[in-house]
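Trainee: have a look at this prediction, sequence included:
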Amino acid sequence: MFKVFLSPGEKGCQKVRELKAIAVVVDALRASATIIALLEKGIETIFVVSEVEDAWELKKSFPEALLVGERNNLKIDGFDYSNSPSEIFNAPNLNGKSVIFTSTSGARRILACKGATKVFVGTTLNAEFLSSVLRENSLKHQKDIVIIPAGVYEKEDFSEEDVVASWEIAKRIGFPVIDETGFLTEEIKNREVEKNFYLSKHGRELLEIGLEKDVKICAQVGIAQTIPEVYQFTEKAAVIKNSLEKV
């Protein structure tokens, strides 16, 4: 039977590349939820880039694309939207558009998974549906699954809410789970997801700057059937579409 590894940050990205595994990047607050929201609002293609400068450069080639992202939890100057699922869900007229997206951690982890057999984006929102897709892909490609709690870029410290969201996906797959974070006590596993998110360091930061609506949205479990998948890596971007609709 194949295994599911919960392997955080750069360590997880490295494991994905070494195993050529099925990868899932989990940035629970908030990149994963924002990417799901964008696809659910009808965005056809998301170009994920690691740096703000790369976003502006890519915009020259795709002038009609919307710029979406954040640095240090705040909307980037000149961008159309922040890395905020609540803002995206309330946005009008996104159907059929494309997006250039960057975030502090999640975007960079997605790009660092180049070399994986498959790369998906997940969180609690699509945990139910994604777990089935992961199981099918693992069996089809004969590969282990590595779920990557995105954590804090350039630090090995993981973010608690990313591990919680990763567990919500992993426990539904039906394969043995190897937790390399050491964070998942029985108390945490049995606690409500929303409470875990509220207690997390990043969750508290978002609450303090008035983004409780985002935390609440991000903590919902199994409400989305959207499966963001990287179908192409370019020189500086990972190109994401909905797995069930991509061509």
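Mentor: Structure received.

Trainee: surely Asn137 touches Val24?
Mentor: No. Contact criterion Cβ atoms under 8 Å: Asn137 and Val24 do not qualify, at 10.2 Å. C-beta here means a position set from N, CA and C on the backbone, and glycine is covered the same way.

Trainee: so the two - more neighbours on which side?
Mentor: Val24 (32 against 17; other Cβ atoms under 10 Å).

Trainee: and the spatially most central residue of the chain, backbone torsions?
Mentor: Central residue of the chain (Cα atoms, centre = their mean): Ser32, 3.0 Å from the mean position. Dihedral angles of Ser32 (phi, psi; degrees, to the nearest 10) stand at phi -60, psi -40.

Trainee: excluding residues flanking it in the chain, which one is nearest it?
Mentor: Thr123 (3.7 Å; Cβ to Cβ, 6 or more residues apart in numbering).

Trainee: what's around the one you found, how many residues?
Mentor: Thr123: 36 neighbours (other Cβ under 10 Å).

Trainee: so who does it touch?
Mentor: Residues counted as contacts of Thr123 (Cβ atoms under 8 Å, 6 or more residues apart in numbering) are 26-28, 32-33, 36, 165, 169, 218.

Trainee: quick one: the strands in the chain?
Mentor: Secondary structure of the chain (DSSP state E): strands located at 4-6, 22-26, 45-48, 66-71, 74-75, 98-102, 118-121, 145-149, 177-179, 228-233, 238-242.

Trainee: so how far is the last one off the chain centroid?
Mentor: How far strand 238-242 lies from its chain's middle: 12 Å, per Cα atoms, centre = their mean, to the nearest Å.
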